[in-house]
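Undergrad: kindly generate the corresponding structure for this input.
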Amino acid sequence: MHVTLRQLRAFEAAYRLRNLTHAADSLHMTQSAMSALIKQLEDSLGMQLFERTPRVLKPTPAADDAYPQSVEILSRVGTLQAGMKDRAKGAETLLSFSCVPSLASTVIPTVLNQFRKAMPGVRPVVFDDGDAALMERVCSGECEFSVSTFEQDPEALAQIPLVVGYLGVACAKSSPLARLKRVTWADLVGQPIIHLSKGSSLQQQIREYFPDATRSYKPAFEIGFIHTALALAAEGLGVVIVQSFLVEGNPHMKGLMLKKLYDPIAEKSLIIQTRKGHEMTRPAQVFLGMLRDHLTRA
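TA: Numbering: from 1, shown residues only. The predicted structure is shown next:
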């Protein structure tokens, strides 16, 4: 038989109060239940702990030796429980995540503003990082999750699609593309393409779909940040091929419109990465729900 915490709590109360009825009352149990727990502990230890008299419990020398050890065990368990409660409480007052810069600088601020109004007691911490750093912060536990446009397969991370978007072309409202009811990849031939150089996976996908890629796809600009690319497009200096969830609801789309690309339609998922087996905290669930709603409404 194994010693249990219930048995130790019963023993501690009985030793301290020297009365079975008072000990049972202090632990909100019946006298018979208290007596059974002490008997189970005595059987587990192979020692008698009390000499029972009609009015009081008289501890044996074995009980005198066992009592301080029992108190220490119960104290450590209490410290463990209190520490875990504080940790859980801390997790519920912090929202820490990493995000690719293209999202962190566009739709994330809008959603964070909405989130802070809904959960004012939660402190958000956001890291805008490159691909490798996104995963490192999640794996180390510094961030609860990452939001990215690329798929990785490290053993420690689980990948959850948040929304499924598509590739489209952001163009000025004065662009010939804006007047087309349906824009195809072939319609992009001859257009000045503003190339987002930091999205290597995106550029690979674009080249797969772009007609006659080796001759026709000649970027007019090599741009590292989406804000710059959209600003150039708004001035009519070119068009940007981009994932829909990076620009739908994006305040930097003023003067621009996004046209979905057809023949073929190229879908792309926005990925949430978190540690395998991790259960999302309430703040994380609320924020990701708001982000999903924002992107699907836009």
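Undergrad: find the centremost residue of this protein, please.
TA: Geometric centre of the chain, nearest residue: F145, 3.6 Å, by CA atoms, centre = their mean.
Undergrad: now the spatially closest residue to that residue that is not a sequence neighbour: which helix or strand?
TA: Leaving aside its chain neighbours, F145 sits nearest to T274 (4.2 Å; criterion: CB to CB, 6 or more residues apart in numbering). The C-beta positions use only the backbone N, C-alpha and C, and glycine is treated the same way. Using DSSP states H and E, T274 sits within strand 267-275.
Undergrad: run a quick neighbour tally on L94.
TA: 15 (other CB atoms under 10 Å).
Undergrad: and the closest residue to it other than its chain neighbours, how many neighbours?
TA: Closest residue to L94 apart from its sequence neighbours, by CB to CB, 6+ apart: R123 at 5.6 Å. Counted by other CB under 10 Å, the residues lying close to R123 total 12.
Undergrad: same thing with P264?
TA: P264: 11 surrounding residues under other CB under 10 Å.
Undergrad: and the nearest residue to it once chain neighbours are set aside, what pLDDT?
TA: Closest residue to P264 apart from its sequence neighbours, by CB to CB, 6+ apart: Y209 at 6.5 Å. Per-residue confidence for Y209 comes out at a pLDDT of 80.
Undergrad: so who does I73 touch?
TA: The neighbours of I73, taking CB atoms under 8 Å, 6 or more residues apart in numbering as the test, are L8.
Undergrad: check which helix or strand covers it.
TA: helix 61-91.
Undergrad: continuing past that helix, what's the next helix or strand?
TA: Following helix 61-91 in sequence order, the next helix or strand is strand 94-99 (DSSP H and E).
Undergrad: ok, then the element right after the strand holding T274?
TA: Strand 267-275 is succeeded, C-terminally, by helix 282-297 (DSSP H and E).
Undergrad: picking up where we left off before, now the strand holding T274: how far from the chain's centre is it?
TA: Its chain's C-alpha centre and that of strand 267-275 lie 11 Å apart, by CA atoms, centre = their mean, to the nearest Å.
Undergrad: same thing with stretch 248-266?
TA: That offset, for stretch 248-266, works out to 28 Å (CA atoms, centre = their mean).
Undergrad: likewise stretch 288-298?
TA: 16 Å.
Undergrad: going forward can the numbers begin at 7, since that is how I track them
TA: Sure, I'll start counting at 7 from here, so that last one is stretch 294-304.
Undergrad: where in the chain is pLDDT low?
TA: When residues are selected by pLDDT under 70, those of the chain lie in 7, 60, 89, 91-98, 136-138, 156-162, 204-207, 218-223, 255, 304.
Undergrad: all helices of it, in order?
TA: 11-23, 26-32, 37-51, 67-97, 107-110, 113-124, 137-146, 206-215, 219-222, 232-240, 250-253, 288-303 (DSSP state H).
Undergrad: what residues sit buried inside the fifth one?
TA: Applying a neighbour-count criterion of 16 or more other CB atoms under 10 Å, one finds P107, S108, L109, A110 buried in helix 107-110.
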